[in-house]
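> Mind folding the following:
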Amino acid sequence: MHLNSFSLEAPIKSPEIFLPTSKKEIEKLGWETLDVILFSGDAYVDHPAFGNAIIGRYLQSLGLKVAIVPQPNWRDDLRDFKKLGQPKYFFAVTAGNMDSMINHYTAQKRLRSDDAYTAGDKAGQRPDYPTIVYTKILKSLYPQTPVIIGGIEASLRRLTHYDYWQDTLKPSILFESQADLLVYGMAEQPLKAIVASFQRGDKKDSLKTINQVAYLLNNDSKVEFKDNYVELPSHQKCLKEKAMFGESFVLTENEINKANPAIIVQKVYDKTVVVNPPFAPITEEALDSIYELPFIRKPHFRYKEKIPAYEMIKDSVTIHRGCFGGCSFCTLAAHQSKFISSRSEKSIIKEIEKIAQKDDFKGHITDMGGPSANMYMMNTINEILCEKCSRPSCVFPALCKNINNSHQPLNTLYKRASRIKGVNKITIGSGVRYDLFITENKEEAEEKGFNEYMRLLLSNHVSGRLKVAPEHTSEDVLKIMRKPSFKKFVTFKNMFDGLNNKMNLNLQLIPYFISGHPGTGYSEMAELAVLARQMKIHTEQVQDFTPTPMTLSSVIYYTGVNPYTKEKIYSAKNLSDKELQKKFFFYHIKENKEIIKNILLKIRRGDLILKLYSNK
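Just a heads-up that it's a prediction; the model follows:
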């Protein structure tokens, strides 16, 4: 069962100085010891959009002396791992804001030449799987000091998972790294309980009773779970039979999407992974206190070159956490929860006012959003109904009637934020979920502020181009993706075009599309290209599907079967096939025309050649 959600204490006030990253900085603070040392795969940017800053500042707010070691060198004599010594309580390890393998490799498994989370955009400043690499080094140097891993890389690898880059199933990252504890999801609530346990001097095993952590047990341990628990097929069974991996995923996904999930256990050779249920969604008061910690909102002074990820989001504001979209290819709900936690309007306004006072602020707030642009304050209407539900998506196949999808709180926030002195423009960079406000019910549209939202969005909060994500045009592919019918996008585009013309705005609508997703073949890609041409859509914001851990799409890609329906589903696994699918987005480019024509003739879809390349 969930522990009750609770309010975090008001943050301890501290001068606006960076968390220390070196021995010299620690000495300047007059500290003789450290309580926690955080190793991160990202550069240290003291901004609430960066996970290492949030965790560091939050631990500081609990009264701890915290240091960050960003992007330690793992290839030399390991001096970066030794320079600060041992902490009093534990080492914390995170790979960074992104999964390291997505950060390092393209969908074609080509090594990237840049890294937006590194000064100078330089690649190669972190290893593959840094969570594992850093943890093994720390355990070899300081075997008696606990290592706690977290962040998105660890969170999504807490159980047996498919690894696209090695094309195999891998066991829990706990097993590979031999970390003492894994914190999954957004870490503040479990970290508070962990710190309290250390401060009380509890025995090490007491950490295993904390919600939202995972740990390893020896199989001969005599542990009886008093609460409900779900046992998954073992890692060995998943390796032996792909169907067992599909079953494991279904059990996991159903459980983590419940309001009161059970403990999840899975045997991995001579060990058992135990995943405790999460805390209840964080309260508004607690979320406010986190984003009001004393962030400097700048990269640490050690960096002389720009950090691209910071430049992109430095004047953005997070307004909520969580996503109930449940898209098959997305990990947001598995990491942040499908239940929405929103900040108060007062806290958001306070943060924007602080940004507006910065010397380098140019008057433009580049985003007010989160996992989506418009799920702010969208809570359940009847919590009791949610306790009986395990739907992974509250939007697919249709919007759940128990979701309060009113856009009025967001409209009010937009209008109030726009009046802040020094703010000239607020644009929305997060993705807009148009399926949350498209309705044929005119009374509902007016009552819930849908029409006003569209007017405000287009007239004041789009910087020339509005990005949305239909993802595909094929109804069969969209069902596999758990995305709404393409007809909804057509309705939205008509609304967009109508308002665009009515208000003389001259805005562009830029849809995101994915190639290579399970269920997608050349025929589906050609039909997408034909529809895009007919609707005069520029297919420029596109990506080739990359299977990532803990998603339904990855399970289908690996097993060839939808584990829910047992239906066999085709996936383009050959890298050249994936590359050819992507060419359909750029059907108009001269060098692609003959390739596409030959493919269509080969699959007997010559009817689409005329539709793609006629002059009419």
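
> Name the residues of the lengthiest helix in the chain that are buried.
In the chain, assigned by DSSP state H, the helix with the most residues is helix 486-502. Judged by neighbour count using 16 or more other C-beta atoms under 10 Å, the buried positions of helix 486-502 are 486, 489, 491-493, 495-496, 499-500. Glycine gets a C-beta too; all of them are placed from N, C-alpha and C.

> Closest one to residue 340 out of those residues, please.
residue 492 (21.6 Å; C-beta to C-beta).

> Surely that closest one touches residue 468?
Yes: the pair residue 492 / residue 468 is scored as a contact, 7.0 Å apart, by C-beta atoms under 8 Å.

> overlap in contacts of these two?
Both residue 492 and residue 468 are in contact with residue 434, where contact means C-beta atoms under 8 Å, 6 or more residues apart in numbering.

> mind listing the strands for the stretch 101-250 of the chain?
Secondary structure of the stretch 101-250 of the chain, counting by DSSP state E, counting those that start in this stretch: strands at 147-150, 161-163, 168-170, 181-183, 213-218, 229-231.

> can you put those in JSON lines and add mean pLDDT and distance to residue 562?
Shown next, in JSON lines, are those (pLDDT from 0 to 100; distance: least, C-beta to C-beta, whole Å):
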{"stretch": "strand 147-150", "mean pLDDT": "98", "distance to residue 562": "31"}
{"stretch": "strand 161-163", "mean pLDDT": "98", "distance to residue 562": "15"}
{"stretch": "strand 168-170", "mean pLDDT": "98", "distance to residue 562": "18"}
{"stretch": "strand 181-183", "mean pLDDT": "98", "distance to residue 562": "29"}
{"stretch": "strand 213-218", "mean pLDDT": "96", "distance to residue 562": "27"}
{"stretch": "strand 229-231", "mean pLDDT": "94", "distance to residue 562": "21"}
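
> got these as a markdown table, with distance to residue 464 columns?
Putting those into a markdown table (distance: least, C-beta to C-beta, whole Å) gives the following:
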| stretch | distance to residue 464 |
| --- | --- |
| strand 147-150 | 38 |
| strand 161-163 | 39 |
| strand 168-170 | 43 |
| strand 181-183 | 40 |
| strand 213-218 | 44 |
| strand 229-231 | 49 |
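
> between those strands, which one is nearest to residue 372?
Across the strands of the stretch 101-250 of the chain, closest to residue 372 is strand 147-150 (C-beta to C-beta), at 23.2 Å.

> Can you list the strands that the closest one pairs with?
Strand 147-150 has the following strand partners under DSSP bridges: strand 90-94 (parallel), strand 181-183 (parallel).

> need these in JSON lines with distance to residue 268 and mean neighbour count, can you?
Shown next, in JSON lines, are these (distance: least, C-beta to C-beta, whole Å; neighbours: other C-beta atoms under 10 Å):
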{"stretch": "strand 90-94", "distance to residue 268": "20", "mean neighbour count": "26"}
{"stretch": "strand 181-183", "distance to residue 268": "13", "mean neighbour count": "26"}
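
> Adding distance to residue 547, write the ones you listed out as TSV.
Shown next, in TSV, are the strands paired with strand 147-150 (distance: least, C-beta to C-beta, whole Å):
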stretch	distance to residue 547
strand 90-94	22
strand 181-183	22
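
> Just the CA trace of the lowest-mean-pLDDT helix or strand in the chain, in PDB.
Scoring the helices and strands of the chain by mean pLDDT, DSSP states H and E places helix 383-387 at the bottom, with a mean of 87. Extracted in PDB, the C-alpha atoms of helix 383-387 (Å, rounded to 0.1, in the frame of the first residue of the first chain):
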ATOM      1  CA  GLU A 383     -10.300   8.800  -6.400                       C
ATOM      2  CA  ILE A 384     -12.200   5.600  -5.400                       C
ATOM      3  CA  LEU A 385     -12.800   4.800  -9.100                       C
ATOM      4  CA  CYS A 386      -9.000   5.100  -9.700                       C
ATOM      5  CA  GLU A 387      -8.300   2.600  -7.000                       C
END
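
> Following the chain onward from that helix, which element is next?
Next helix or strand after helix 383-387 toward the C-terminus (DSSP states H and E): helix 408-418.

> Direction included, what does whichever helix or strand comes after that next one pair up with?
Heading C-terminal from helix 408-418, the first helix or strand you meet, by DSSP H and E, is strand 425-426. Using DSSP bridges, the strands paired with strand 425-426 are strand 364-365 (parallel).

> what pairs with the following helix or strand past the strand it pairs with, and is each one parallel or antiparallel?
Heading C-terminal from strand 364-365, the first helix or strand you meet, by DSSP H and E, is strand 367-369. Using DSSP bridges, the strands paired with strand 367-369 in its sheet are strand 316-318 (parallel).
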